[in-house]
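> return atomic coordinates for the entry below.
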Amino acid sequence: MSAAPLVEFRNVTKRFGDGPLVLDRIAFAAQPGDFISLIGPSGCGKSTALRLLAGLSPVTGGELIVAGRTPDAAAADLAFVFQEPTLLPWLNVAHNIEVPQRLRGVPAETRAATTRRVLDLVRLGEKAAAFPRQLSGGQKMRVSIARALALAPKLLLLDEPFGALDEMTREHLNEELLAIREQAAWTAFFVTHSVAEAVFLSNRILVLAAQPGRIHREIAVPLPYPRTEETRLSREYLELVATVSRVLRSVEAAPGPDVSPPAA
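Numbers count the residues shown, from 1 in each chain. The predicted structure follows:
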């Protein structure tokens, strides 16, 4: 018997005020353990979909279910990693990680133990007393991820977390993110503009079309985990990158939703 979906978009629509539809009839289910990347042109609603999942904005129509509840009710089961690390400059690394735990009323001793654990998980244990100004861009993002993981989420939402980093740092952090996931077993929704990144990280990719945002096509990524530098050199990986790139290039010309079956 298959597990119940962790996330269900049931014909979800979204518009802001009297503006045009941003998302149009999104219908999709994510299973526990999925790593789902959202890609598509600017304005297709990728980040808006994450904000709906996080309960930061209400749906206009349809229904969105997270862990059997509304996003608001499921807030304790998810964490959000934004495009910028959003670290408080006057707090050191450890205290930055403790902030959301404090807001949830976690006792001091538990906060300290959790913070040590997640810092070791992202390999920054020696930076606990450092301040954000003393960190590289990649280190700041790892602190942001550690802060999210300290909440022990079932669902991790990541909105282009590595977009501002150089390619080598991004690839290294992609590998670290998957290594962390093997230990923590959360489900992920990951927004990116990088096809290569989406293929490397995901087991499922949603290609969105714009005006209004809709699912143009789902593409399965059957590459085995764990994924390493050797994965990026494999024929299967390179062929999937080429396939997803072709689909993405076709999106703007598409007159409407693509109802073709997912690609293997």
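> could you pull out the helices for the stretch 101-250 of the chain?
Assigned helices in the stretch 101-250 of the chain, in chain order: 108-121, 137-149, 167-184, 195-201, 229-233, 235-251 (criterion: DSSP state H, counting those that start in this stretch).
> and of these, who's closest to Leu50?
Of all the helices of the stretch 101-250 of the chain, helix 137-149 sits nearest to Leu50, with 12.7 Å by CB to CB. Where you see a C-beta, it was placed from the backbone N, CA and C, and this is true even at glycine.
> rewinding a little: so which of the helices of the stretch 101-250 of the chain gets nearest Ala4?
Ala4 lies closest to helix 167-184 among the helices of the stretch 101-250 of the chain, at 20.3 Å (CB to CB).
> so which elements touch the closest one?
Applying 3 or more CB pairs under 8 Å, 6 or more residues apart in numbering; DSSP states H and E, we find helix 167-184 packed against helix 108-121, helix 137-149, helix 195-201, helix 229-233.
> mind doing that once more with 7 Å?
The contact analysis (3 or more CB pairs under 7 Å, 6 or more residues apart in numbering; DSSP states H and E) places helix 167-184 against helix 137-149, helix 195-201.
> rank those by mean pLDDT and give me the bottom one.
Ranked on mean pLDDT, the bottom entry among the helices and strands packed on helix 167-184 is helix 137-149, at a mean of 94.
> CA atoms only for that helix, dumped as PDB, please.
What follows is helix 137-149, C-alpha atoms only, in PDB (Å, rounded to 0.1, in the frame of the first residue of the first chain):
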ATOM      1  CA  GLY A 137      28.700  33.200   0.600                       C
ATOM      2  CA  GLY A 138      28.600  29.400   0.600                       C
ATOM      3  CA  GLN A 139      29.100  29.300   4.300                       C
ATOM      4  CA  LYS A 140      26.200  31.700   4.900                       C
ATOM      5  CA  MET A 141      23.900  29.600   2.800                       C
ATOM      6  CA  ARG A 142      24.900  26.500   4.800                       C
ATOM      7  CA  VAL A 143      24.100  28.300   8.000                       C
ATOM      8  CA  SER A 144      20.700  29.200   6.500                       C
ATOM      9  CA  ILE A 145      20.100  25.500   5.700                       C
ATOM     10  CA  ALA A 146      21.200  24.500   9.200                       C
ATOM     11  CA  ARG A 147      18.800  27.000  10.700                       C
ATOM     12  CA  ALA A 148      16.000  25.400   8.700                       C
ATOM     13  CA  LEU A 149      17.000  21.800   9.500                       C
END
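> just the angle for that helix relative to helix 108-121, thanks.
With axes from the mean of the first three to the mean of the last three CA atoms, to 10 degrees defining the directions, helix 137-149 sits at 140 degrees from helix 108-121.
> which strands or helices does helix 137-149 pack on?
Under the contact definition 3+ CB pairs under 7 Å, 6+ apart, helix 137-149 sits against strand 78-81, helix 93-103, helix 108-121, helix 167-184.
> quick check: which of those is buried the most?
Among the helices and strands packed on helix 137-149, strand 78-81 has the highest mean neighbour count (mean count of other CB atoms under 10 Å), at a mean of 24.
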